[in-house]
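>>> Got a predicted structure plus its sequence, pasted below:
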Amino acid sequence: MGDKSVQKRRFILETARKVFVEKGFKKVTMKDIVEACEISRGGLYLYFESTSQIFLEVMKLESEEADDVFSDNIADDATAADILILFLKEQKKELLRKEDTLTQAIYEFYFEGPPVRKANVLKRQFDSAVRIIEKLIETGVENGEFYCEDCRGMARNIMFVLEGLKISAQTIGISAEAVDREILFILKMLGVEDKDILIG
């Protein structure tokens, strides 16, 4: 794919993201994306076959950008505890963000249509996050920053707590204090007792 094609594809994904944020997933049609991008229908179909394909690519792009922001904020001398706390702070920001979020569209996407392929994508993302957090906790245990007998179980538990908080944020609402309470509990379970940790 040439530079111009790469730029056009990215433009379509960035524009489609705005449409998904505004309308969710279920209500978005290819026509909506064509109109938002101000391109021909054929122009859109050169790059994508369906709203599902576009949405998967939007989620992939969003994940890559979030990883970049996270990586850019990690200091060279950061400890495992520093990195975990930064990760949890980023999750808190996402949980409390009221606008410009894909969360509702993501849940609609996974509940819409044949679930097998979509569930596999979600499971891969979840499992990947668990592996990363597990490695981080193992490093923290080796360095004496954390206490944990079951690093994989703890990593899985952290991801389940975060998923539960995401659902709560979309349904019953959630306060910053409630998120802080859960984050501090996670850290306490790892042996981090400092109550002055700025969750912010």
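Thanks, I have it. Residues are numbered from 1 along each chain as shown.

>>> Of all residues in this structure, which one is nearest the centre?
With distances taken as Cα atoms, centre = their mean, residue 63 lies nearest the centre of the chain, 5.9 Å away.

>>> any idea how far the closest residue to it other than its chain neighbours lies from residue 106?
Once flanking residues are discounted, residue 63 sits nearest to residue 125: 7.2 Å by Cβ to Cβ, 6 or more residues apart in numbering. Every residue, glycine included, has its C-beta placed from N, CA and C. Separation of residue 125 from residue 106 (Cβ to Cβ, to the nearest Å): 10 Å.

>>> try residue 11
22 Å.

>>> Same question for residue 51.
Residue 51 is 13 Å from residue 106, where distance means Cβ to Cβ.

>>> got it, and residue 87?
19 Å.

>>> which one is residue 108 nearest to, not counting chain neighbours?
residue 25 is the one closest to residue 108 (Cβ to Cβ, 6+ apart), at 4.0 Å.

>>> Quick one: neighbours of that neighbour, just the number.
Applying other Cβ atoms under 10 Å, we find 22 residues neighbouring residue 25.

>>> Same question for residue 133.
22.

>>> could you give the mean pLDDT of the one helix or strand it maps to?
Element membership of residue 133, judged by DSSP states H and E, is helix 115-142. The predicted model assigns helix 115-142 a mean pLDDT of 81.

>>> Please apply the same query to stretch 43-63.
Stretch 43-63 carries an average pLDDT of 89.

>>> contacts for it?
By Cβ atoms under 8 Å, 6 or more residues apart in numbering, the residues outside stretch 43-63 that reach it are 5, 8-10, 12-14, 16-17, 20, 25, 28-30, 33-34, 37, 102, 105-106, 109, 113, 118, 121, 125.

>>> ranges for the helices of this structure?
Using DSSP state H, the helices of the chain run over residues 3-23, 30-37, 41-45, 51-72, 80-96, 103-111, 115-142, 151-171, 176-189.

>>> list the contacts for the residue nearest to residue 108?
Contacts of residue 25 by Cβ under 8 Å, 6+ apart are 51, 55, 105, 106, 108, 109, 112.

>>> Pull the most distant pair out of the residues you listed.
51 and 106 (13.4 Å; Cβ to Cβ).

>>> Number of residues surrounding residue 147?
Residue neighbour count, defined by other Cβ under 10 Å, stands at 12 for residue 147.

>>> tally of neighbours for residue 53?
Per other Cβ under 10 Å, the neighbour tally for residue 53 reads 11.
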